[in-house]
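>>> Just a sequence and a predicted model for now, questions to come.
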Amino acid sequence: MRFNRLVTLAGIAVVVATAATGTAAIAATGSPPAREVVAFDGYALGTIVIKTAERRLYFVYEQGHALRYPVGVGRPGKAWVGTTTIAGKHVQPAWSPPAEIKRDKPNLPDVIPGGTPENPMGAAALTLSGGEYAIHGTNQPKSVGGFVSYGCIRMFNRDIVELYRMVDVGTPVVVLK
């Protein structure tokens, strides 16, 4: 891997390194590498695009390029598609299970405090307009990459913290099959 440029994304200095595959890995300075920079066209700067079949989230950080993250998505019958926006930003939010989850898992408490290991929201959450869904971290990192949720999008905690810093309330979110 060779380093070919330093980019600042929403105040976060990152090094973009070209990999042998033609894609690029991205590492926030002072944090472990994980994200990839990929060519990505068709969406406006600042848009989040989630491709559930790929189990990937794309954040368009510059025209023609996106940061690509692995995500966990809705299990069969729970996945959804559509366009929405970020409605709220929360660090270590408390979580109240929606009625459907409570019905399926009646032993869950009515509220799970933020920052506890049992809280499924992880380090941060970006709530979405028009429903009970969020893009959030997870305290179960093995679930990232699977069809695992009731419709929410799960990210590694380090990834949701990075995305949280780069987006604002009102950021467009497009969820595709």
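That came through fine.

>>> C-alpha from now on. contacts and neighbour counts both.
Will do.

>>> Model confidence score at Val14, please.
Listed pLDDT for Val14 reads 39.

>>> again, but for Ala10
Per-residue confidence (pLDDT) for Ala10: 37.

>>> again, but for Ala44
As predicted, Ala44 sits at a pLDDT of 97.

>>> Please report phi then psi for it.
Phi and psi for Ala44, reported as degrees, to the nearest 10, are phi -70, psi 150.

>>> Now do it against Gly114, distance only.
From Ala44 over to Gly114 the distance is 33 Å, taken as CA to CA, to the nearest Å.

>>> which helix is the longest one in the protein?
The longest helix of the chain (DSSP state H) is helix 157-166.

>>> Name the strands paired with the helix or strand following it and say parallel or antiparallel.
Using DSSP states H and E, the helix or strand that follows helix 157-166 in sequence is strand 172-176. Strand 172-176 sits in its sheet next to strand 48-51 (parallel), strand 82-91 (antiparallel), going by DSSP bridges.

>>> So for the shortest one, mean pLDDT?
To tie it back to what came earlier, the one meant is strand 48-51. Here the average pLDDT along strand 48-51 is 98.

>>> just the CA coordinates of that strand, formatted as PDB?
What follows is strand 48-51, C-alpha atoms only, in PDB (Å, rounded to 0.1, in the frame of the first residue of the first chain):
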ATOM      1  CA  ILE A  48     -25.500   8.400   2.700                       C
ATOM      2  CA  VAL A  49     -26.400   5.500   0.500                       C
ATOM      3  CA  ILE A  50     -27.100   2.000   2.000                       C
ATOM      4  CA  LYS A  51     -27.100  -1.000  -0.300                       C
END
